[in-house]
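In: sequence and predicted structure below; questions after.
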Amino acid sequence: MKEEIYASALQHVNGLGNASLGHLLTYYQSAKEAWHHVIHHSVDPSLGCTYELYDENHRPIDETYLQQLEEDLERYHIQVITRESPMYPPSLLEIYHSPMVLYGRGNIEVLQSMERSIAMVGARKCSTYGIQVARYFGRSLSNLGVIIVSGGAMGIDRASHEGALQGQTPTVAVMGCGLNVVYPRSNRSLFLEILDNEGLLLSEYGPHIQAKAHHFPLRNRIISGMTRGTIVVEAKASSGSLITADMAINEGRDVFTIPGNVLTHTCDGNHWLIQQGATVLTDPEQVMHEYGWQKVTKYSNMESSKECHMNEEEQVILSSMNPRGVTTIEELIGSTGYTLSSLHGLLLQLELKKLIMHTAQGYVIQV
């Protein structure tokens, strides 16, 4: 059995946190040896490890558990990445409390290109403006050859991934649960699309571990730690995104923030970051200039596979829409002359092609 399986099994032991696991793997010559001592309760007392032999789901941890874990990893196509693995992102080794074990599902080779990566974070409950901005920056940076990393959550995270999927570079979603667990469930199609487009789902939680509140701040240190900088797209004054930005600053990473509407409170966190000295970002090209990056086309095959072909009626609708705001269906009936029933079908097709988005106020063009 591979060393990675033993390391993964140890990580599932209740009470063995990341720090304790680090002590065990440093003290003993191998993960297999550490596993033997843990199972037989013969861990050196000087390590100060206290634990119970069951996992977060209260399943007993023994040799049978080890075998089942190996089968689950294979069944769900999940790969274990330890700190000794060549796939482990070097930038993560630099941060405090870096994960001893990571799990990847999808294209783990993308982890070898993290020197050209940017995190994008923001509120789950966000404005239409925030979604448009996240998609625009995600797509633009992806087309420039930048890997977009976000948390796979609703709101800004989802919009950032969606934008990146419209570009030519894979995107990485860092999850707060096991990679065979879909959370949030409404993002199931998004996760499948990430996998279908050479992207990666990443987590420090093994199979069957459910999403829990305390997992997400820990997840955020991975998002900020593995990337060159973090873009705060839209954040309220009390947003968790500010915690991610703080983590990035503490680890010596750059923080960019996009200004928002001063007449609302949806971007108060962004404006506070500007006051604290964060770099104001108004153009994706600024990121390229900041790091001296040149556009790359390594994944140009992805871009060509996503070309959207519109028929004449769909083109009429797009040309009739407000390019910078919301267009109501009543306005489209008046400007196009199409019936309500035909418009519904055409608008649905444009949504499926991700050229427009339906909001509570009407339809907007996905820039």
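Out: Right, received. Where do you want to start?
In: show me where the stretch 251-367 of the chain has strands.
Out: For the stretch 251-367 of the chain, applying DSSP state E, counting those that start in this stretch gives strands covering 254-257, 279-280, 356-358, 363-365.
In: mind jotting down where the strands sit in the stretch 1-150 of the chain?
Out: 78-82, 101-106, 117-122, 147-150.
In: just send the ones you listed back as JSON lines, with mean neighbour count and mean pLDDT too.
Out: Where you see a C-beta, it was placed from the backbone N, CA and C, and this is true even at glycine. Below are the strands of the stretch 1-150 of the chain laid out as JSON lines (neighbours: other CB atoms under 10 Å; pLDDT from 0 to 100):
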{"stretch": "strand 78-82", "mean neighbour count": "21", "mean pLDDT": "97"}
{"stretch": "strand 101-106", "mean neighbour count": "24", "mean pLDDT": "97"}
{"stretch": "strand 117-122", "mean neighbour count": "29", "mean pLDDT": "97"}
{"stretch": "strand 147-150", "mean neighbour count": "28", "mean pLDDT": "98"}
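In: those strands: which one's closest to Ser91?
Out: strand 117-122 (8.4 Å; CB to CB).
In: tell me the strands beside the closest one, with direction?
Out: strand 147-150 (parallel), strand 229-234 (parallel) (DSSP bridges).
In: just to revisit the earlier point, deepest-packed of the strands of the stretch 251-367 of the chain, please.
Out: Compared across the strands of the stretch 251-367 of the chain, strand 254-257 shows the largest average neighbour count, a mean of 23 (mean count of other CB atoms under 10 Å).
In: ok, now which ones touch Ser241?
Out: Listed by CB atoms under 8 Å, 6 or more residues apart in numbering, the contact set of Ser241 reads Val121, Gly122, Ala123, Ile156, Val232, Ala235, Gly269.
In: identify, from these, the entry nearest to Ser320.
Out: In terms of CB to CB, no member of the contacts of Ser241 lies closer to Ser320 than Ile156, at 28.7 Å.
In: so the closest one makes contact with Glu234?
Out: Yes: the pair Ile156 / Glu234 is scored as a contact, 5.7 Å apart, by CB atoms under 8 Å.
In: quick check: neighbours shared by those two?
Out: In contact with both Ile156 and Glu234: Gly122, Ala123, Cys126, Gly130, Ala134, using CB under 8 Å, 6+ apart.
In: mind listing what the residue nearest to the first one when sequence neighbours are not counted touches?
Out: On the basis of CB to CB, 6 or more residues apart in numbering, the spatially nearest residue to Gly122 that is not a chain neighbour turns out to be Ile156, at 2.7 Å. Neighbouring residues of Ile156 by CB under 8 Å, 6+ apart: 120-124, 126, 130-131, 134, 150, 233-234, 241.
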